[in-house]
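Asks: curious how this folds, go ahead:
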Amino acid sequence: MHEGFESFIGFNPWTALFTLLNMVITFLILKKYLFKPVNKMIDDRQKEIDDLYADAEQSRKAAAEEKADYEKRLSEAEQISAEMIASAAQEANRKGDEILRQAKTEANAIREKASNDIALEKKKALNEAKDDISKLAVELAEKVVEKEIDEQDHTRLIEDFLRNVGDSV
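Replies: You can find the predicted model right below:
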């Protein structure tokens with residue numbers, strides 16, 4: 001029984017050499033036909049993943065640039081809008097000031113014309129009053145020359161004179 005056990009546990013150098021050689025050949029075959037294709041497949045898959053990450057990063061950068069460009073254009077549009085509103089307000093103020101200035105000029109011209117018309121009418125009325133007074137004075141002088149005046153006649157003539165002046169003015 002010792003012999004069967006020895007053959008079971010025993011060491012045979014030729015068997016160990018064949019086993020080692022068999023393992024090396026199996027390793028080389030596996031390396032050539034299994035490890036290289038599997039490593040190539042893993043490398044290809046890693047390259048695909050890296051390319052996807054690179055594309056995603058490039059897309060993210062492009063989106064960030066487009067967003068920045070959009071925000072810049074939006075800011076410019078807001079600035080242009082604010083400038084247009086300010087310009088329109090300035091134009092409205094300028095036109096309002098121009099209309100106000102024209103209205104003041106026209107009002108001053110109307111006031112001056114009215115003042116001139118009033119002065120002319122006043123002068124005309126004074127001239128007419130002077131003419132009337134002159135006529136009345138001449139009439140009074142004619143009456144005085146016609147007769148000698150006593151105190152009652154004098155009072156009556158003055159009252160007539162004042163009444164005629166009041167009527168004519």
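
Asks: could you point out which element follows the strand or helix carrying residue 102?
Replies: Using DSSP states H and E, residue 102 sits within helix 36-146. Sequence-wise, the next helix or strand downstream of helix 36-146 (DSSP H and E) is helix 151-168.

Asks: so which elements touch that following helix?
Replies: Judged by 3 or more Cβ pairs under 8 Å, 6 or more residues apart in numbering; DSSP states H and E, helix 151-168 is in contact with helix 36-146. For every residue, glycine as well, the C-beta is placed using N, CA and C.

Asks: tell me what angle the helix it packs on forms with helix 151-168.
Replies: For helix 36-146 against helix 151-168, the angle between stretch directions is 150 degrees (axes from the mean of the first three to the mean of the last three Cα atoms, to 10 degrees).

Asks: show me how far the helix holding residue 102 is from its chain's centre.
Replies: With Cα atoms, centre = their mean, to the nearest Å as the basis, helix 36-146 stands 12 Å off its chain's centre.

Asks: looking at it now, give me its mean pLDDT.
Replies: Mean per-residue pLDDT for helix 36-146: 89.

Asks: find the centremost residue of the protein, please.
Replies: residue 82 (1.9 Å; Cα atoms, centre = their mean).

Asks: gap between it and residue 93?
Replies: Separation of residue 82 from residue 93 (Cβ to Cβ, to the nearest Å) stands at 16 Å.

Asks: same check, this time on residue 81
Replies: Distance, residue 81 to residue 93, using Cβ to Cβ: 19 Å.

Asks: what of residue 163?
Replies: 62 Å.

Asks: what of residue 33?
Replies: Distance of residue 33 to residue 93, computed by Cβ to Cβ: 89 Å.

Asks: please apply the same query to residue 68.
Replies: Per Cβ to Cβ, residue 68 is found 37 Å from residue 93.

Asks: what of residue 61?
Replies: For residue 61, the distance to residue 93 (Cβ to Cβ) stands at 47 Å.

Asks: over to residue 104?
Replies: As judged by Cβ to Cβ, residue 104 and residue 93 stand 16 Å apart.

Asks: just residue 44 next, same as before
Replies: Counting by Cβ to Cβ - residue 44 and residue 93 are separated by 72 Å.

Asks: having no further points to raise, I will conclude here.
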